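Asker: Kindly generate the corresponding structure for this input.
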Amino acid sequence: MADLIGRLFMTYLGIITALSALTFIVCAYDKIAAKRSWRRVPEKRLFLLSALGGATGMLAGMLMLRHKTRHVSFRIVIPLLAIAQFVGGLLLYRYS
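Answerer: Numbers count the residues shown, from 1 in each chain. From the prediction side, this is the model:
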């Protein structure tokens, strides 16, 4: 049983890492698009990517790129999602 949970933890870690990287890239693209008047990434898509596991990447994008930091919804929801995903990983690690 512990071996299965260990594999789940490693899978979870891989998914979170991949989605965070993707979300950061999408956030960076949206920042560039905002400056150059290109087609923007819908906020719903940024929230969806964050909720699926990319909250850490979105949070990094917000802090490093100063993107979406004026939106109260992003300033509240994204850190909460990142904390929830971190706690989920801790729980999987704890029981592996």
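
Asker: Was I right to think Leu52 contacts Ser20?
Answerer: No. Between Leu52 and Ser20 there is no contact under C-beta atoms under 8 Å: 10.3 Å. (Glycine included, C-beta is placed from N, CA and C.)

Asker: So between the two, which is more surrounded?
Answerer: The neighbour count for Leu52 versus Ser20, taken as other C-beta atoms under 10 Å, is higher for Ser20 (23 against 15).

Asker: How about the secondary structure of the more buried one?
Answerer: Using DSSP: H, G, I helix; E, B strand; the rest coil, the structure places Ser20 in helix.

Asker: Please name the residues that touch the residue nearest to it when sequence neighbours are not counted.
Answerer: For Ser20, ignoring the flanking residues on the chain, the nearest one in space by C-beta to C-beta, 6 or more residues apart in numbering is Gly57 at 3.3 Å. Counting by C-beta atoms under 8 Å, 6 or more residues apart in numbering, Gly57 touches Leu19, Ser20, Ala21, Leu22, Thr23, Phe24, Ile25, Cys27, Leu49, Ser50.

Asker: Weed out the non-buried ones from those residues.
Answerer: Leu19, Ser20, Thr23, Phe24, Cys27, Leu49, Ser50 (16 or more other C-beta atoms under 10 Å).

Asker: of all the residues you listed, which two lie farthest apart?
Answerer: Leu19 and Cys27 (12.1 Å; C-beta to C-beta).

Asker: re earlier: buried residues in the strand or helix carrying the residue nearest to Ser20?
Answerer: In this assignment (DSSP states H and E), Gly57 forms part of helix 55-65. Using 16+ other C-beta under 10 Å as the test for burial, helix 55-65 gives Ala55, Thr56, Gly57, Met58, Leu59, Ala60, Gly61, Met62.

Asker: May I see these arranged in a markdown table, with pLDDT and distance to Ala82 as well?
Answerer: Formatted as a markdown table, these follow (pLDDT from 0 to 100; distance: C-beta to C-beta, whole Å):
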| residue | pLDDT | distance to Ala82 |
| --- | --- | --- |
| Ala55 | 98 | 4 |
| Thr56 | 97 | 5 |
| Gly57 | 98 | 9 |
| Met58 | 97 | 8 |
| Leu59 | 97 | 5 |
| Ala60 | 97 | 9 |
| Gly61 | 96 | 12 |
| Met62 | 96 | 10 |
